[in-house]
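J.: Generate coordinates for the sequence data below:
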Amino acid sequence: MGLNRELSFSSCMVAHIFPNFLFLAFLLNLVMVHYERYICIVDPLHYNNLWMHRSFPLALLVVWTPPLLFAALPAFGWNNWTGPDWNSCCASSQKITRLSNCSTNGTTCCSYKRVFPNAFIYLEVYGLVLPAILTIAGMTGRVLWITRGQLKDICRLHRSVERGNQASDQEQRLNLRYTRCVVAVSLTFLACWVPYLIYMHVCIAFLISDTRWSSTTHIVLSCTGIGSMAVVPLVLGLANRQYTEPAYKLLQKLRDRWRRRTQGAEEVAV
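T.: Numbers count the residues shown, from 1 in each chain. Down below sits the predicted model:
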C-alpha cells in the first residue's frame with residue numbers, strides 16, 4: 001500500500017481492492033473456524049447438525065460476500081480519485097522532474113490514498129477488523145471458561161467416587177493439562193494477534209498525522225504484524241487432531257515401509 005505506481009484507474013483499483021478482499025476474507029474465515037469450535041464445546045450434541053457442515057459452500061459464500069462487497073466500495077465511487085494534484089506524489093516517489101510523465105499512456109499516479117479514503121480505512125479497522133479479533137478472543141475465552149467448569153465437575157465427581165478430600169494424581173494431571181492449554185492460548189494470542197494490533201494502530205497514527213516514515217520501518221512492522229497473524233491458521237491446524245492424526249498416520253506408514261525395505265535389504269545382504 002505504501003508504493004506509488006503509474007497505473008490506470010481499473011488496474012489501480014484491482015491492485016488495492018483484491019488484496020484487501022483476500023485479507024478480510026482470511027480474517028472472517030478465522031472467525032468462522034473459531035465459531036465452529038465454540039459451538040463444538042458449548043453445544044456438542046448439535047455440533048454435527050451445524051449449518052456449516054450441512055452446506056459448506058453456503059458457509060464460504062456467507063463468509064466471503066461481506067468482505068467482497070465492502071472491499072469493492074472504492075470501485076463504486078467511495079474513493080479519492082478526483083482530488084488534488086496527485087501527480088506530485090508520483091513525481092516525488094519516482095524522483096522525476098516533469099509532472100507530465102506521470103500521466104502518459106493513460107496512466108496516473110496510483111496511491112492507496114487515492115483508492116481508500118480515511119473514513120473507509122477507519123471503518124475497516126474499527127468496524128470490521130478489530131471487532132473480528134475481539135470476537136475471536138471472546139469465543140476463545142468463553143471456551144476456556146466452560147472447560148474450567150467442566151474440569152471442576154470432573155474433579156468433584158472423582159473425589160466423590162474416591163471418597164477423599166485431597167487431589168489425586170489424575171486430578172493434578174488434568175489441572176496441569178488445563179494450565180498448559182491456558183498458557184498456550186495466551187502465548188498464541190500474544191505472539192500472533194498483539195503484534196498485528198500494534199502494527200494496525202501505528203499505521204492509523206501515521207495516517208492521522210500524515211507523516212512519512214522510512215520504508216525499512218514500514219517493512220519491519222508489516223512483516224512482523226501481518227506475518228504473525230498469518231501464523232494463526234498453522235497453529236489452529238497443529239492443535240486440531242482432525243489434521244494432525246492423518247498426517248501422523250501417513251508418516252507412520254512411510255516409516256514402517258522404510259523399515260521393511262531396510263530389513264529386506266539387510267536380509268538380502270546377509
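
J.: For stretch 175-187, buried residues please.
T.: Neighbour counts over stretch 175-187 (16 or more other CB atoms under 10 Å) mark 178, 185 as buried. C-beta here means a position set from N, CA and C on the backbone, and glycine is covered the same way.

J.: what comes into contact with it?
T.: Residues outside stretch 175-187 that contact it (CB atoms under 8 Å, 6 or more residues apart in numbering) are 140, 144, 147-148, 151, 155, 167, 239.

J.: for that stretch, the distance to its chain's centre please.
T.: 21 Å (CA atoms, centre = their mean, to the nearest Å).

J.: now do stretch 183-190
T.: On CA atoms, centre = their mean, the centre of stretch 183-190 falls 15 Å from that of its chain.

J.: Using CSV, write down the CA coordinates of that stretch.
T.: Provided in CSV are the C-alpha atoms of stretch 183-190 (Å, rounded to 0.1, in the frame of the first residue of the first chain):
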residue,chain,number,x,y,z
VAL,A,183,-0.7,-20.8,28.7
ALA,A,184,-0.6,-22.0,25.0
VAL,A,185,-3.7,-20.0,24.1
SER,A,186,-2.4,-16.9,25.9
LEU,A,187,1.0,-17.1,24.2
THR,A,188,-0.6,-17.7,20.8
PHE,A,189,-2.7,-14.5,21.2
LEU,A,190,0.3,-12.5,22.4
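
J.: Now do that stretch, average pLDDT.
T.: For stretch 183-190, mean pLDDT rounds to 85.

J.: Can you give the strand pairings for the host helix or strand of Cys109, parallel or anti for each?
T.: Cys109 belongs to strand 108-110 when assigned by DSSP states H and E. Sheet pairing of strand 108-110 (DSSP bridges) gives strand 5-7 (antiparallel).

J.: Can you point out the buried residues in the strand it pairs with?
T.: 6-7.

J.: Determine how far the helix or strand following the strand holding Cys109 lies from the middle of the whole chain.
T.: Downstream of strand 108-110, the first helix or strand assigned by DSSP H and E is helix 112-115. Computed by CA atoms, centre = their mean, the chain-centroid distance of helix 112-115 equals 24 Å.

J.: so what does helix 112-115 touch, helix or strand wise?
T.: On a contact count with 3 or more CB pairs under 8 Å, 6 or more residues apart in numbering; DSSP states H and E, helix 112-115 meets helix 9-42.

J.: Tell me which helix or strand comes right after the helix it packs on.
T.: helix 51-54.

J.: And the contacts of whichever helix or strand comes after that next one?
T.: Sequence-wise, the next helix or strand downstream of helix 51-54 (DSSP H and E) is helix 56-71. With contact meaning CB under 8 Å, 6+ apart, helix 56-71 is reached by 17-18, 20-21, 24-25, 27-29, 31-32, 51-52, 124, 128.

J.: for stretch 224-235, same thing?
T.: 30, 188, 191-193, 195-200.

J.: State the phi and psi torsions of Leu221.
T.: phi -70, psi -40 (degrees, to the nearest 10).

J.: What is the burial count for it?
T.: By other CB atoms under 10 Å, 19 other residues sit near Leu221.

J.: can you list the weak-confidence ranges in the stretch 1-150 of the chain?
T.: Regions of the stretch 1-150 of the chain meeting the criterion pLDDT under 70 cover residues 1-3, 83-107.
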